[in-house]
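K.L.:
predicted model follows, preceded by the sequence.
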Amino acid sequence: MEGEFRLRDVALTAYGPTIVSSTGHGAVMPILALRARDLGADVSTAAAIVAALGIGMLVASLPASAVVARIGERRALVYAGVLDAAAMLLGAVAGSVLLLGLSVVVSGMTWTTFLMARQGFMIEVVPLSHRARALSTLGGSHRVGVFVGPLIGAALIALGDLSTVFVFAAVAALGAAALAWTMPDLGSERRDAERERGHLGVWQVLAQHRYVLLTLGVVVVVISASRSVRTGLLPLWADHVGISATTTSLIFALAGAVDIVFFYPGGWLMDHRGRTVVAVPVVLSVAVAALLLPLATSSWSVAAVVVLIAIGNGLGSGIVMVLGADAAPADGRAQFLGGWRLCGDIGLSGGPLVVGAIALVAPLALACVVIGVLGLAGTAWTAYFVAQVDRDARAATRS
């Protein structure tokens, strides 16, 4: 029964692999550019190495969905963990920038598979009444790993070198795979039935649900792009007003802590008050923050703007996964989630490009205002289509 479900019943299998894996990723991400520089890359090439993670995620979204549909979430998580470990070991021993770039692309491909498979598992195991809290906690567990990872990475660098961090990430990926192996293999009967009648093609499923992807899918693009603004725009503004790199890092650490504090309240709100009450603040907080940023000229004022974004982002922990779970069909669910993941990856990859393009042709303060206005437009789109989801859910409950 739904009323008897408790999140702690699935805590180890649902959240353990995520915390362990994201800790490894969190340790590696801050030092990717430094590792590339050690191998002789110039600044632009080092930046491209960092972007390679997103490229791997982007190109693997749809193929990974087909793999998950055929082998199931548990095996997908295990295989992704093992392959990610191999990629991290390659990054540790790579003697050239090309090999490092290859390891990062492969890691991105495994990460998007991991994200998709864990979402599918949660849809299968958690009742609708607890879905938002379960998925927001899943998003929160990722934030915990990303918050702790750099701290472990810094300690490892002090004891060894940059390669040590990659070895740690490989161990974490194997640990996540081992935890995933303890999960129940849910949905095997459904996969057997699909195998007998023939698996639905990815493009066939996406075409069947194109209206959802062109409306709510665009919401996902907007939310993901808004989230990327924090890492794309705010460091540029901090440097513009003369804030040191150390202080900027501390401000971002504060934002990470705020994210973690707000993830469970956001899940509770979604389960009890609908999706709109959380989806809108994610985008609106970024829009308002971008409009306020030209007025922020001190460390404290920039920190206040960053915290504003962090509150909205923390409340919206898991919102993309929740909306995807709500919209996913029973038949072709994995394939649909691949398209959903692709929407998120487009937003995450495209957000920084938009910031860079605007900053290239306009003063940074004006770029902040333009991004804020775009954010307000994105807020309106988000509010309209997510409110439709809430209305449909209320109508289904009454019927």
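P.N.:
Great, that's in hand.

K.L.:
quick check: chain neighbours aside, which residue is closest to S301?
P.N.:
Distance criterion C-beta to C-beta, 6 or more residues apart in numbering; nearest residue to S301, sequence neighbours excluded, is L295 at 7.1 Å. For glycine as for every other residue, the C-beta is placed from the backbone atoms N, C-alpha and C.

K.L.:
how close does the one you found sit to F336?
P.N.:
As for L295, its distance to F336 is 43 Å (criterion: C-beta to C-beta, to the nearest Å).

K.L.:
more neighbours: those two, which one.
P.N.:
Neighbours per residue (other C-beta atoms under 10 Å) separate L295 from F336, with F336 holding more: 25 against 10.

K.L.:
kindly provide the distance from the residue nearest to S301 to L39.
P.N.:
When distances are taken as C-beta to C-beta, L295 and L39 turn out to be 41 Å apart.

K.L.:
for A180, same thing?
P.N.:
A180 sits at a distance of 32 Å from L39 (criterion: C-beta to C-beta).

K.L.:
buried residues, the helix or strand encompassing L151. List them.
P.N.:
Mapping L151 onto the secondary structure by DSSP states H and E places it in helix 131-159. By neighbour count, with 16 or more other C-beta atoms under 10 Å as the criterion, the buried positions of helix 131-159 are 131-150, 152-153, 156-157.

K.L.:
so what secondary structure elements neighbour that helix?
P.N.:
Counting contacts by 3 or more C-beta pairs under 8 Å, 6 or more residues apart in numbering; DSSP states H and E, helix 131-159 is packed against helix 11-28, helix 97-125, helix 162-181, helix 245-273, helix 319-327.

K.L.:
now mean neighbour count too, for the ones you listed, in CSV please.
P.N.:
Shown next, in CSV, are the helices and strands packed on helix 131-159 (neighbours: other C-beta atoms under 10 Å):
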stretch, mean neighbour count
helix 11-28, 24
helix 97-125, 23
helix 162-181, 22
helix 245-273, 18
helix 319-327, 25
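
K.L.:
need those in a markdown table with distance to G232 and mean pLDDT, can you?
P.N.:
What follows is these, written out as a markdown table (distance: least, C-beta to C-beta, whole Å; pLDDT from 0 to 100):
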| stretch | distance to G232 | mean pLDDT |
| --- | --- | --- |
| helix 11-28 | 18 | 88 |
| helix 97-125 | 18 | 91 |
| helix 162-181 | 24 | 94 |
| helix 245-273 | 13 | 85 |
| helix 319-327 | 18 | 90 |
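
K.L.:
among these, which is nearest V389?
P.N.:
Using C-beta to C-beta as the measure, helix 319-327 is the one of those that comes nearest V389, at 6.1 Å.

K.L.:
so what's the nearest residue in space to T18 that is not next to it in sequence up against?
P.N.:
Among residues not flanking T18 along the chain, S141 sits closest, at 4.6 Å (C-beta to C-beta, 6+ apart). Counting by C-beta atoms under 8 Å, 6 or more residues apart in numbering, S141 touches 15, 18-19, 22.

K.L.:
of these, which is the nearest to V28?
P.N.:
Each of these was checked against V28 using C-beta to C-beta; the closest is S22, at 10.7 Å.

K.L.:
beyond the helix or strand of the chain with the lowest mean pLDDT, next helix or strand please.
P.N.:
Ranking every helix and strand in the chain by mean pLDDT, DSSP states H and E puts helix 188-197 at the bottom, with a mean of 67. Going down the chain from helix 188-197, the next helix or strand is helix 202-208, by DSSP H and E.

K.L.:
which residues of this protein score low on pLDDT?
P.N.:
Low-confidence regions of the chain, defined here as pLDDT under 70, cover residues 1-5, 7, 43, 187-199, 245, 399.

K.L.:
could you list the domains of the chain?
P.N.:
The chain resolves into domains spanning 1-198, 200-399 when parsed by automatic domain parsing.

K.L.:
how close does I19 get to L295?
P.N.:
Between I19 and L295 the distance is 38 Å, computed by C-beta to C-beta.

K.L.:
roughly how far apart are I152 and D345?
P.N.:
26 Å.

K.L.:
ok, now L174?
P.N.:
As defined by C-beta to C-beta, L174 lies at a distance of 25 Å from D345.

K.L.:
next one: T276
P.N.:
T276 sits at a distance of 24 Å from D345 (criterion: C-beta to C-beta).

K.L.:
so these two - more neighbours on which side?
P.N.:
Residue environment comparison for T276 versus D345 gives the larger neighbour count to D345, 24 against 20, counting by other C-beta under 10 Å.

K.L.:
buried ones in the helix or strand hosting the more buried one?
P.N.:
Secondary structure assigned from DSSP H and E places D345 in helix 333-361. With burial defined by 16+ other C-beta under 10 Å, the residues of helix 333-361 counted as buried are 333-352, 354-355, 358-359.

K.L.:
kindly report the same for stretch 359-368.
P.N.:
The neighbour-count criterion (16+ other C-beta under 10 Å) identifies 359, 364, 367-368 as the buried residues of stretch 359-368.

K.L.:
what about the residues you listed, which are in helices?
P.N.:
Secondary structure of the buried residues of stretch 359-368 is defined by DSSP state H; positions in helices are 359, 364, 367-368.

K.L.:
save those residues as JSON lines, and put in distance to S44 too.
P.N.:
Putting these into JSON lines (distance: C-beta to C-beta, whole Å) gives the following:
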{"residue": "A359", "distance to S44": "16"}
{"residue": "L364", "distance to S44": "20"}
{"residue": "A367", "distance to S44": "20"}
{"residue": "C368", "distance to S44": "24"}
